[in-house]
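S.K.: missing the sequence, but the structure's below:
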């Protein structure tokens, strides 16, 4: 089971935003089906301390529709916030959530949906460790954890490093982690440079193949 969403080692809220992605065939939703939701959760489970990948199937079996709905609502809200933060001009990347206030309310609701707290584990003779407890269903709590991480992202100075990838046809977001980084991936960088090259050398009225 492999997610169709591009995973670019971005913060988890950005990875969730990027479950909307595009190729030559158009814009796609990696969470459109139950299998897609499960595949994405499998892919990111190692980064969510509430979920063990080995236990994921059992955790989501009875609540995959609920989790999918929560992920969709959170994802659309986060894309609206990202568009606000980046001044995103891309029509194809627009979120169905049009109002900023609605997006903020959705993220806050998601973060508060399932209480979580730190749990200390310490066995004599071993190193103490920190875990996370929850009063709700674990997979649902994971969605709330992503929302909480998103709140930290948008209220931290790192918000200013969030970017919309402006390569042709791309609808992804990324966090600029290097001064020279302009695109979400090397592939998008190559497409953008190719498009620039074509525009510089295109002869008006002559087909590109000519």
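M.R.: Great, that's in hand. Note that this is a predicted model, so its numbers are computed, not measured.
S.K.: quick one: the helices in this structure?
M.R.: Assigned by DSSP state H, the chain shows helices spanning 12-17, 34-44, 56-60, 64-86, 100-112, 138-155, 186-201.
S.K.: Using TSV, please lay out the ones you listed together with mean neighbour count and distance to residue 25.
M.R.: C-beta coordinates here come from the backbone N, C-alpha and C atoms, glycine included. Formatted as TSV, the helices of the chain follow (neighbours: other Cβ atoms under 10 Å; distance: least, Cβ to Cβ, whole Å):
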stretch	mean neighbour count	distance to residue 25
helix 12-17	24	20
helix 34-44	19	16
helix 56-60	17	28
helix 64-86	20	20
helix 100-112	17	28
helix 138-155	21	28
helix 186-201	12	15
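S.K.: ok, of these, where does mean pLDDT dip lowest?
M.R.: Here the lowest mean pLDDT among the helices of the chain goes to helix 56-60, at a mean of 64.
S.K.: Can you tell me how far the closest residue to residue 99 other than its chain neighbours is from residue 175?
M.R.: Spatial nearest neighbour of residue 99, chain neighbours left out: residue 80 (7.9 Å); criterion: Cβ to Cβ, 6 or more residues apart in numbering. Using Cβ to Cβ, to the nearest Å, we find residue 80 at a distance of 18 Å from residue 175.
S.K.: do residue 37 as well
M.R.: Counting by Cβ to Cβ - residue 37 and residue 175 are separated by 24 Å.
S.K.: Residue 156 now?
M.R.: 11 Å.
S.K.: More neighbours: which of the two?
M.R.: residue 175 (19 against 10; other Cβ atoms under 10 Å).
S.K.: Would you check that that one makes contact with residue 162?
M.R.: Yes: the pair residue 175 / residue 162 is scored as a contact, 5.7 Å apart, by Cβ atoms under 8 Å.
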